[in-house]
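**Q** sequence isn't available, so here's the structure alone:
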């Protein structure tokens, strides 16, 4: 299993997403247990955001990580575009740090592009970094033209990552965004890496090739999808799960080594993009 280098750290390529977590009191203990199972089995990256449950996901994460060595974890949170100004970003960041009960974030992301100039946001992020409140910063849901613009700005080259939707059914970024990020040596953080909840996800269990690959590797289809997502050693996948069994399965996906033949079979049913496509969102 090859770790992925991000912001000067080498981390386990499977992380944990927390969207839609922390909101239901009757599921709280189950969600805590699932995340802890992941951490106990090597996971380092936990991804959250001020938007998730209006801070409830961050509070869940704070409770979950209490028994763990903070320095071994890699905590990510995200600021809303409307809060990404010089004036408001420090306030949002401070609120996230309080909810997470930590002194710093390993990575702080702009959740998506808004009306505040990205130059101003970068200045605010750099200020937070100089104060030791964040170790690094990046962006989320930005496309090629946005990344190009960032690279022309002062400190733009310090952008550590771009977090976007990416899975076997959403391969559009492979046409231009992934090659660009590879050239910049910027790792990708992939959300919705198995897309369980949408039409693509619901049809997966019927896909003959995926069934065959799962049998060949003595795994399930969702593990094949995760193994595919992290196949290049430059991607961190952040599936979300409140189920301890699914969490262990997610972690074990790193053990699957897809062959060239496997990848060609997958390309035959879910082909690489041959032209520019709109960025897939949520």
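**A** Arrived safely. Predicted model, so just to flag it, every value in this text is computed and none were measured.
**Q** all contacts plus neighbour counts: C-alpha atoms, from now on.
**A** Fine.
**Q** from residue 128, how far out is residue 89?
**A** 9 Å (Cα to Cα, to the nearest Å).
**Q** ok, residue 219 next?
**A** 43 Å.
**Q** residue 255 now?
**A** 37 Å.
**Q** do the same with residue 169
**A** Taken as Cα to Cα, the span from residue 169 to residue 128 is 37 Å.
**Q** same question, residue 15
**A** In terms of Cα to Cα, residue 15 sits 24 Å off from residue 128.
**Q** so in the chain, where's the weakest helix or strand by average pLDDT?
**A** helix 199-203 (a mean of 66; mean pLDDT, DSSP states H and E).
**Q** following it in sequence, what is the next regular element?
**A** Downstream of helix 199-203, the next assigned helix or strand under DSSP states H and E is helix 208-216.
**Q** next SSE downstream of that following helix?
**A** Criterion used, DSSP H and E; the element after helix 208-216 is helix 221-229.
**Q** pull the residues that contact that next one.
**A** 166-168, 190, 193-194, 204-205, 210-211, 213-214, 235, 237, 249-250, 252-258, 263 (Cα atoms under 8 Å, 6 or more residues apart in numbering).
**Q** how many neighbours does residue 234 have?
**A** 22 (other Cα atoms under 10 Å).
**Q** list the residues that contact the residue lying closest to it once chain neighbours are set aside.
**A** The shortest distance from residue 234 to any non-neighbouring residue, by Cα to Cα, 6 or more residues apart in numbering, is to residue 187 (5.1 Å). Residues near residue 187 by Cα under 8 Å, 6+ apart: 4, 5, 6, 160, 161, 162, 181, 234, 235, 236.
**Q** so, low pLDDT: which residues of this protein?
**A** 1, 196-202 (pLDDT under 70).
**Q** how about a cut-off of 90?
**A** Per-residue confidence of the chain (counting by pLDDT under 90) places the weak regions at 1-2, 195-207, 281-282.
**Q** all helices of it, in order?
**A** 28-40, 56-64, 89-100, 118-130, 144-152, 177-183, 199-203, 208-216, 221-229, 244-252, 260-269 (DSSP state H).
**Q** what does the fifth one contact?
**A** Around helix 144-152, the neighbours that count as contacts under Cα under 8 Å, 6+ apart are 118, 119, 156, 157, 176, 177, 180.
**Q** list the buried residues of stretch 232-249.
**A** For stretch 232-249, a neighbour-count test (16 or more other Cα atoms under 10 Å) marks 234-244, 246-249 as buried.
**Q** kindly report the same for stretch 140-160.
**A** In stretch 140-160, counting by 16+ other Cα under 10 Å, buried: 140, 141, 142, 143, 144, 147, 150, 156, 158, 159, 160.
**Q** same check, this time on stretch 75-85
**A** Buried, per 16+ other Cα under 10 Å, within stretch 75-85: 75, 76, 77, 78, 79, 80, 81, 83, 84, 85.
**Q** biggest separation within these, which pair?
**A** 75 and 85 (21.9 Å; Cα to Cα).
**Q** picking up where we left off before, which pair in the contacts of helix 144-152 has the greatest spatial separation?
**A** Across the contacts of helix 144-152 (Cα to Cα), the longest gap, 23.2 Å, separates 119 and 176.
**Q** ok, the closest residue to residue 59 other than its chain neighbours - contacts?
**A** Once flanking residues are discounted, residue 59 sits nearest to residue 99: 5.1 Å by Cα to Cα, 6+ apart. Taking Cα under 8 Å, 6+ apart as the contact definition, residue 99 lies against 55, 58, 59, 62.
**Q** filter those residues to the buried ones?
**A** So, by 16+ other Cα under 10 Å, the buried ones in the contacts of residue 99 are 55, 58, 59, 62.
**Q** in a markdown table, list those residues along with distance to residue 113.
**A** Shown next, in a markdown table, are the buried ones among the contacts of residue 99 (distance: Cα to Cα, whole Å):
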| residue | distance to residue 113 |
| --- | --- |
| 55 | 20 |
| 58 | 22 |
| 59 | 25 |
| 62 | 27 |
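**Q** just the closest of these to residue 28, please.
**A** Looking across the buried ones among the contacts of residue 99 and measuring by Cα to Cα, the closest to residue 28 is residue 59, at 10.6 Å.
**Q** quick one, what contacts that closest one?
**A** Here residue 59 is in contact with 22, 99, 100 (Cα under 8 Å, 6+ apart).
**Q** ok, now residue 65?
**A** Contacts of residue 65 by Cα under 8 Å, 6+ apart are residue 36.
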